[in-house]
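Please find the sequence and the predicted model below.
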Amino acid sequence: MLEPRGPVKLKPTPAWRTERRAPDTTPVDSLGARRPRDLQSGRVPAKTPFLMWKLRLVLVHGLVFALAACDGTLTGIGRVPRPPEPPLPAAPVETVDPSDPAGSNSAPAAPALEEISAQHLLVMYQGSKSAPRTIKRSREEARARATEALDAIKRGQDFDKVVSAYTDEPGGAARRGALGKFSRDRMVKAFSDAAFALEVGEISTVIESPFGFHVIRRLE
């Protein structure tokens, strides 16, 4: 059995072992690395340099992608030159001859309408165009009366006197049936066709129109 040799002396614990360490509150960045404190002020340095570096990186990448996608409209890089456009044709110039103000190439003037002069007698019937209410004869009776007037002219009676005796046209007897000068389009077709077909001084047959029955003499 072992006997104790004397009281056991315990060695004192070093101060560095008993000293409690303060927790590390140094902040970390986005990558997990701790950012050192300022040795003099004890403050954590600002994030400005890091953010500036990151912003520059984003701007550089954006500029690279923009240049790659650009068609050269603004920078001219990669722009395909457009082929030159053909020159415009010269404007036509029209010259006018001073001696020919109207121009030799101007459209020809419309021909003047042919006009003739004639006189006639008109025998109306009840129901004919513009017939007065005093006209009571029938269409056949009007035709027979016009034929009678034509026969009198053929026997040599004066045309003016026959017109005064037979015509029913209002005012016709006073002016001896004169119509003055007229063009083809101023009279009804049946009357114009007969009058323009006559020679000067020639007398027509009995001509029927919507107004009644006519006997026409062409004057010029």
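All right, it came through fine.

Tell me the backbone dihedrals of Thr134, please.
Thr134 adopts backbone torsions of phi -80, psi -10, taken as degrees, to the nearest 10.

isn't Gly180 right up against Ser117?
Yes: counting by CB atoms under 8 Å, Gly180 sits close enough to Ser117 to count as a contact (6.3 Å). Any C-beta I mention is one placed from the backbone N, CA and C, and that applies to glycine too.

which of the two has more neighbours?
Taking other CB atoms under 10 Å, Gly180 and Ser117 do not tie; Ser117 has more neighbours (14 against 10).

Show the contacting residues for the closest residue to Glu208 other than its chain neighbours.
Leaving out its chain neighbours, the residue that sits closest to Glu208 by CB to CB, 6 or more residues apart in numbering is Ala190, at 6.6 Å. Contacts of Ala190 were listed using CB atoms under 8 Å, 6 or more residues apart in numbering, and they are 207-209.

any idea which of these is closest to Arg139?
Of all these, Glu208 has the smallest distance to Arg139: 8.9 Å, by CB to CB.

now the helices: where do they sit in the chain?
15-18, 48-69, 139-154, 159-166, 189-197 (DSSP state H).

average pLDDT for the longest one?
Per-residue pLDDT values over helix 48-69 give a mean of 70.

Include distance to Glu220 when you put the helices of the chain into a markdown table, please.
Shown next, in a markdown table, are the helices of the chain (distance: least, CB to CB, whole Å):
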| stretch | distance to Glu220 |
| --- | --- |
| helix 15-18 | 153 |
| helix 48-69 | 92 |
| helix 139-154 | 19 |
| helix 159-166 | 15 |
| helix 189-197 | 11 |
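
Can you tell me what sits against the lengthiest strand in the chain?
When the chain is parsed with DSSP state E, its longest strand is strand 115-123. Residues from elsewhere that reach strand 115-123 (CB under 8 Å, 6+ apart): 142-143, 145-146, 149, 159-160, 162-163, 166-169, 172, 176-183, 191, 195-196, 198, 211-220.

can you do 7 Å?
Residues outside strand 115-123 that contact it (CB atoms under 7 Å, 6 or more residues apart in numbering) are 142, 145-146, 149, 162-163, 166-169, 172, 176-183, 195-196, 211-220.

Now, of the residues you listed, which are buried?
Applying 16 or more other CB atoms under 10 Å to the contacts of strand 115-123, the neighbour count classes 142, 145-146, 149, 162-163, 166-169, 172, 176-177, 179, 182, 195-196, 211-218 as buried.

Next, the contact list for Asp193, please.
Neighbour list for Asp193: empty [criterion: CB under 7 Å, 6+ apart].

Which pLDDT value goes with it?
pLDDT at Asp193 comes out at 94.

Likewise for the one 5 residues further on?
In this prediction, Leu198 carries a pLDDT score of 94.
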